[in-house]
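Participant: Sequence and computational prediction follow.
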Amino acid sequence: MSRRGRLDVVVVGGGVVGAASALMLAREGLQVALVEAQRPAAWTREQRDLRVFAFAPDNASLLAQLGVWGTVSASRAQPYRGMRVWDAAGGEPLVFDADALGERQLGWIVENAVLVDALWQALPAAGVRVHCPARVAQLEQMDAGVRIGLDDGLVLDARLAIAADGGHSALRRLAGIEAPVHDYQQRGVVAFVASEVAHRHTCWQRFLPTGPVAFLPFSADGDAALEGRLGSIVWTLPSDEAQRLLDAPTAQFENELSAAFGGELGALTLQSARAAFPLRRQLAQRQRAGHVLLVGDAAHVMHPLAGQGVNHGLRDVSALQASMQAAKADGADPISPTRLARWARTRKSDNALGAYSFEAINRVFSNEAMLPTLLRGPLLGIAGRLPPLTRALWRHAAGK
């Protein structure tokens, strides 16, 4: 066993939320190490990542503060200026429009690989010590911090550890924090497709009895044949239906997908392979245990209904940054137990509210019971006709 000098923070997990955590902490003047099992592949323009996010303005501001949003936007980030949500059972759509809201855009559609690559490029210059490939094997909680043993024999001592290692977090398990799982028995089918009708820089989502289907506008990257028509779809389906459509011939998949959007986007044609991921709710019973904090999917896995998973994870990071900056302004310890406990309570409450809200919406709109079917379409229309309500809904999604 070998031991390195004492650190302020060890971050476990180098995905979007983990890398952003490490970079933020280093920018705040702390000595930080990042532990990751596998070095991410460099992003390349030729390969589209099937995992994309509807990235909110508040998180773009966070990455701008960290000095990486310019890299992201210069790589591939598609602004969207509208959202259209409607129900297959009828009624008027709920529409969000950037002009009506006085915004240049409502957000951006960004690939996971672009975000991870930009964040990792920034880590060395910020002074983050990266241990990769490495996994956490042991955790010892002490009065003044933690001692983390890695599978390569290295031991790291730090005042604080942050678990950002995903829904199957090893560090969360070692910290003794339970995270019960509720399986929705659904899968999200993802692919890139081209629409016959121009997407008009708009996100489209239609509620079906089997679950919502969404089309997110995506950058054609100079391909004139796809300009204004390329998009990423997320189609929520019962697990057996998802598998059937993954196995279906291309033409059959395209026909069923086009019908799922009710013809609004015309014929849809595949532009990539298809994939699917299981959907579940997983909420850690707490986001802090001693000197260990949980962020991102290690703390909360949500239904992808509103594309808010990574946004909530980065809001964990922003809230921690705000807490630390307030402490420094007061001349106090930025990672004192009292402040970390307050951060953990606030974030757990906010993340649980988000997770259960998305679940409730999915339940109301993804069934064929008579009463919800009669009510949900008109309710969307009513919301769309009340500008203050529309603005409030968007401000919440945008983190404002």
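Facilitator: Right, received. Where do you want to start? Residues are numbered from 1 along each chain as shown.
Participant: Give me the buried positions along stretch 227-247.
Facilitator: Within stretch 227-247, the residues scored as buried using 16 or more other CB atoms under 10 Å are 229-237, 241-242, 245-246. Where you see a C-beta, it was placed from the backbone N, CA and C, and this is true even at glycine.
Participant: Identify, by residue count, the longest strand of this protein.
Facilitator: strand 181-195 (DSSP state E).
Participant: Columns secondary structure on top of the buried residues of stretch 227-247, output as TSV?
Facilitator: Below are the buried residues of stretch 227-247 laid out as TSV (DSSP: H, G, I helix; E, B strand; the rest coil):
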residue	secondary structure
Arg229	coil
Leu230	strand
Gly231	strand
Ser232	strand
Ile233	strand
Val234	strand
Trp235	strand
Thr236	strand
Leu237	strand
Glu241	helix
Ala242	helix
Leu245	helix
Leu246	helix
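Participant: related to what we said a few turns ago, other SSEs contacting the longest strand of the chain?
Facilitator: With contacts taken as 3 or more CB pairs under 8 Å, 6 or more residues apart in numbering; DSSP states H and E, strand 181-195 sits against strand 211-217, strand 230-238, helix 239-247, strand 268-270, strand 275-283.
Participant: Restricting to C-alpha, output the helix or strand following it in PDB.
Facilitator: Tracing the chain C-terminally past strand 181-195 and defining elements by DSSP states H and E, one meets strand 202-208 next. Extracted in PDB, the C-alpha atoms of strand 202-208 (Å, rounded to 0.1, in the frame of the first residue of the first chain):
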ATOM      1  CA  THR A 202     -38.200  22.700 -31.500                       C
ATOM      2  CA  CYS A 203     -38.400  19.800 -29.100                       C
ATOM      3  CA  TRP A 204     -41.500  17.600 -29.700                       C
ATOM      4  CA  GLN A 205     -43.000  15.300 -27.100                       C
ATOM      5  CA  ARG A 206     -46.200  13.300 -27.500                       C
ATOM      6  CA  PHE A 207     -47.800  11.400 -24.700                       C
ATOM      7  CA  LEU A 208     -49.100   7.900 -25.700                       C
END
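Participant: Tell me which strands strand 202-208 pairs with, and in which orientation.
Facilitator: strand 82-87 (parallel), strand 211-217 (antiparallel) (DSSP bridges).
Participant: Now render these as CSV, adding mean pLDDT and distance to Leu50.
Facilitator: Below are the strands paired with strand 202-208 laid out as CSV (pLDDT from 0 to 100; distance: least, CB to CB, whole Å):
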stretch, mean pLDDT, distance to Leu50
strand 82-87, 90, 21
strand 211-217, 94, 12
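Participant: got JSON lines for those, with mean neighbour count too?
Facilitator: Output for these, formatted as JSON lines (neighbours: other CB atoms under 10 Å):
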{"stretch": "strand 82-87", "mean neighbour count": "22"}
{"stretch": "strand 211-217", "mean neighbour count": "24"}
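Participant: Ok, which of these comes nearest Ala251?
Facilitator: strand 211-217 (18.2 Å; CB to CB).
Participant: any chance you could map the helices in the chain?
Facilitator: Ranges of helices in the chain, per DSSP state H, are 16-27, 57-65, 69-75, 112-126, 170-174, 239-247, 250-260, 309-329, 337-365, 370-384, 387-398.
Participant: Show me how far the fourth one is from its chain's centre.
Facilitator: Okay, so that is helix 112-126. 16 Å (CA atoms, centre = their mean, to the nearest Å).
Participant: Please apply the same query to the second one.
Facilitator: Between the centre of helix 57-65 and the centre of its chain there are 14 Å (CA atoms, centre = their mean).
Participant: Give me the helices and strands touching that helix, please.
Facilitator: Right, helix 57-65 is packed against helix 16-27, helix 69-75, strand 107-111, helix 112-126, helix 309-329 by 3+ CB pairs under 8 Å, 6+ apart.
Participant: Kindly reformat the strands paired with strand 202-208 as CSV containing distance to Arg104.
Facilitator: Output for the strands paired with strand 202-208, formatted as CSV (distance: least, CB to CB, whole Å):
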stretch, distance to Arg104
strand 82-87, 12
strand 211-217, 15
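Participant: okay if I get the helices of the chain as CSV plus distance to Gln186 and mean pLDDT?
Facilitator: What follows is these, written out as CSV (distance: least, CB to CB, whole Å; pLDDT from 0 to 100):
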stretch, distance to Gln186, mean pLDDT
helix 16-27, 23, 98
helix 57-65, 26, 96
helix 69-75, 30, 96
helix 112-126, 21, 98
helix 170-174, 24, 98
helix 239-247, 6, 98
helix 250-260, 15, 98
helix 309-329, 15, 95
helix 337-365, 8, 84
helix 370-384, 17, 45
helix 387-398, 22, 51
